[in-house]
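A.B. asks: This is a predicted model, with the sequence first.
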Amino acid sequence: MLQTIIKKSQAKKIESSYTSINFADAFTKVKNKSVEQFAHFKETYKETMEQKLHIMQKIDGISIWKINSKLNRLAVRGISNEVLKKGIITIPLPAKQSIEPISSLQKTFIEKTIDELEGFENLRLSHFYNYKPTYIEKKTLTEITRWIEIEISDL
């Protein structure tokens, strides 16, 4: 039915004193614009879902979502003067039940993932300092205690 409307409208042209309008051209322009808008919406939605899935994952038992929320809270509340004097923000992580430490490749992956979080970006934008996350483990008899230290330095 749509194709018959287009064929009929292609045959008809309305001429006015200002311009001549072809209904088929106008209809295809509107259709193309809506298709482009839908494609843009689809890409944006896909990127948003990928970011949410990325945040919800766990790396070696570390909840990325919890770290992101802690960083967002820190960005909103601000950094105290004591922490600025120390130059280090410490975020405790759950203890690791195995006694084996992680490899340097896993350590750099965790640090890179934390550096790319939305909360970390919010922290950078709200407080103008250089931040560098460092993953640290300390071995005890039964478990490995771990935390993230974020070094603060002036720009």
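C.D. replies: Thanks, I have it. Numbering: from 1, shown residues only.
A.B. asks: alpha carbons only for contacts and neighbour counts from here, please
C.D. replies: Will do.
A.B. asks: residue ranges of the helices in the protein, please?
C.D. replies: With DSSP state H as the criterion, the chain has helices at 2-11, 23-56, 64-77, 81-86, 104-115, 118-126.
A.B. asks: Please tabulate these in TSV, including the columns mean pLDDT and mean neighbour count.
C.D. replies: Converted to TSV, the helices of the chain look like this (pLDDT from 0 to 100; neighbours: other CA atoms under 10 Å):
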stretch	mean pLDDT	mean neighbour count
helix 2-11	52	12
helix 23-56	74	13
helix 64-77	90	17
helix 81-86	87	11
helix 104-115	91	15
helix 118-126	87	17
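A.B. asks: Of all the ones you listed, which one is nearest Ile152?
C.D. replies: helix 81-86 (7.2 Å; CA to CA).
A.B. asks: roughly how far out does the closest one sit from the chain middle?
C.D. replies: Remark: helix 81-86 is offset 28 Å from the chain centroid, using CA atoms, centre = their mean, to the nearest Å.
A.B. asks: Pull the residues that contact it.
C.D. replies: For helix 81-86, contacts defined as CA atoms under 8 Å, 6 or more residues apart in numbering pick out 89, 152.
A.B. asks: And stretch 126-141, by the same measure?
C.D. replies: The set of residues external to stretch 126-141 that reach it, using CA under 8 Å, 6+ apart, is 75-76, 78, 99, 101, 107, 110-111, 114-115, 124, 144-155.
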